[in-house]
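**Q** below are the sequence and a predicted model for it; my questions follow.
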Amino acid sequence: MLTRRIKTQVIAFVVVALAATTFVGASYAGLGRLLGRDGLSVHLQLADGGGLFPGSEVTYLGVAVGEVDRLHLTDDGMEAVLVLDEDAPAIPADSHAVVANRSAVGEQYVDLRSPTGRAPYLEDGSVIRRESTTLPLPVHTLLSNLNAFTESVPTESLRTVVDELYTAFQGTGDDLQVLLDSSREFTHTATEYLPQTTTLIEDGATVLRTQAESAEAWRSFADNTKLFARELAGADGDLRELIARTPGAATQLSGLLSDTDPGLSVLIANLVTTSRLFSDRVDGLEHLFVMLPKATAATSAALDGDQFSVALTFFDPPPCLRGYEGTPRRAGEDGSDAPFNTDAACTVPHGDPRAVRGSQHVPEGGLPPVVPPGVSTGDDNTRTSLRDLLWLDE
């Protein structure tokens with residue numbers, strides 16, 4: 001006969017066993033739904049079952065949040081009813097349902113993936129449309145494609161490739177080991193300099209963006225280069241003749257430079273002074289070139305067949321006389337020697353209505369300093385006499 005103590009222990013054991021069984025059944029076996037436990041029901045529209053079955057697990061970002069309650073046919077496919085746990089996290093309504101295989105033997109499940117992770121969220125009765133679902137490749141299709149692929153490979157060619165690979169790698173074990181070791185060192189170094197590589201890639205994006213923006217300019221450059229190459233191809237004969245004649249011309253030019261040395265360098269140095277002389281009188285030269293066509297036209301107008309007419313005028317504008325008072329007047333028939341008046345010059349100010357003349361009235365620059373022949377005027381030129389320039393003393 002059982003004592004009271006034993007009866008109490010048996011009853012306590014039964015109560016604990018029932019509680020544990022209930023917990024395990026509700027948590028892992030899904031018995032809670034059979035007892036009417038609440039949960040969110042979400043309708044998943046599918047083109048076909050995709051291998052799902054009642055009880056298939058439903059996950060969100062890899063975490064179990066429910067299971068497939070039931071499946072039934074529709075007019076255009078299949079619909080699976082997903083029951084999400086009450087304590088499951090809020091799942092965005094824009095989630096994409098992926099029917100995936102948990103292992104190589106199948107065991108399909110539904111994985112919900114949201115591109116945003118933001119509200120609105122799935123509610124009881126929500127529907128995930130077919131366009132937001134992805135089904136796994138059917139096993140029979142995979143096997144059929146694999147079989148077709150293997151049948152498409154020529155057996156003899158495959159045997160040849162295998163034999164060639166064996167011949168290629170035969171006796172190269174040490175070299176392959178060195179290659180693998182070097183690859184490991186390369187990977188280690190690349191990981192060490194990953195920040196610099198990332199910076200390089202980011203800067204490269206800037207460079208590529210710049211190149212994309214200048215794509216039209218590069219396209220124009222390429223077109224012009226093509227035209228230039230076409231012109232070169234058309235002038236191939238002339239270019240070949242030019243290249244053939246260049247050595248002889250270079251020899252003659254070298255001989256000319258040798259024969260004219262050092263006089264040519266002196267001439268060029270003196271031309272620097274001449275160029276400075278002209279540069280100081282750019283305004284006057286410009287005015288000369290502007291008026292020269294008018295003077296030429298006036299000269300041609302003075303000719304009328306074999307008749308030539310000239311009208312002299314001395315007072316439009318009136319001549320400048322101030323500054324010449326110190327020069328004594330002489331009769332036209334007096335041909336005797338007389339001293340030259342070097343102080344005579346037009347002394348009226350610039351802008352006077354009279355004909356202002358003289359180098360002292362040059363608008364800019366003025367006269368360069370008078371330097372005796374042979375005296376250096378700087379680091380880049382030397383003045384010489386005309387006799388020295390023409391080698392008259394040699």
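**A** Looks like it arrived, so ask away.
**Q** mind listing the helices for the stretch 201-350 of the chain?
**A** 215-234, 236-259, 263-279, 282-301 (DSSP state H, counting those that start in this stretch).
**Q** reformat those as JSON lines; add mean pLDDT.
**A** Output for the helices of the stretch 201-350 of the chain, formatted as JSON lines (pLDDT from 0 to 100):
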{"stretch": "helix 215-234", "mean pLDDT": "91"}
{"stretch": "helix 236-259", "mean pLDDT": "87"}
{"stretch": "helix 263-279", "mean pLDDT": "81"}
{"stretch": "helix 282-301", "mean pLDDT": "82"}
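**Q** now, of these, which is deepest in the fold?
**A** With neighbours defined as mean count of other Cβ atoms under 10 Å, those peak in mean count at helix 263-279, which reaches a mean of 13. In this view, the C-beta of every residue, glycine as well, is placed from N, C-alpha and C.
**Q** re earlier: tabulate the helices of the stretch 201-350 of the chain (TSV), appending distance to Ala205.
**A** As requested, those are exported to TSV (distance: least, Cβ to Cβ, whole Å):
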stretch	distance to Ala205
helix 215-234	16
helix 236-259	43
helix 263-279	51
helix 282-301	52
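**Q** so which of these comes closest to Ala100?
**A** helix 215-234 (42.7 Å; Cβ to Cβ).
**Q** could I get that closest one in PDB with only the CA atoms?
**A** Listed next in PDB are the C-alpha coordinates belonging to helix 215-234 (Å, rounded to 0.1, in the frame of the first residue of the first chain):
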ATOM      1  CA  ALA A 215      34.000  61.500 -72.800                       C
ATOM      2  CA  GLU A 216      32.900  63.800 -75.600                       C
ATOM      3  CA  ALA A 217      36.300  65.500 -75.600                       C
ATOM      4  CA  TRP A 218      38.100  62.100 -75.700                       C
ATOM      5  CA  ARG A 219      35.700  61.000 -78.500                       C
ATOM      6  CA  SER A 220      36.600  64.100 -80.500                       C
ATOM      7  CA  PHE A 221      40.300  63.500 -79.800                       C
ATOM      8  CA  ALA A 222      40.000  59.900 -81.100                       C
ATOM      9  CA  ASP A 223      38.200  61.100 -84.200                       C
ATOM     10  CA  ASN A 224      40.800  63.700 -84.900                       C
ATOM     11  CA  THR A 225      43.600  61.200 -84.300                       C
ATOM     12  CA  LYS A 226      41.900  58.900 -86.800                       C
ATOM     13  CA  LEU A 227      41.800  61.700 -89.300                       C
ATOM     14  CA  PHE A 228      45.400  62.500 -88.600                       C
ATOM     15  CA  ALA A 229      46.400  58.900 -89.100                       C
ATOM     16  CA  ARG A 230      44.500  58.800 -92.400                       C
ATOM     17  CA  GLU A 231      46.300  61.900 -93.600                       C
ATOM     18  CA  LEU A 232      49.600  60.300 -92.600                       C
ATOM     19  CA  ALA A 233      48.700  57.200 -94.500                       C
ATOM     20  CA  GLY A 234      47.800  59.200 -97.600                       C
END
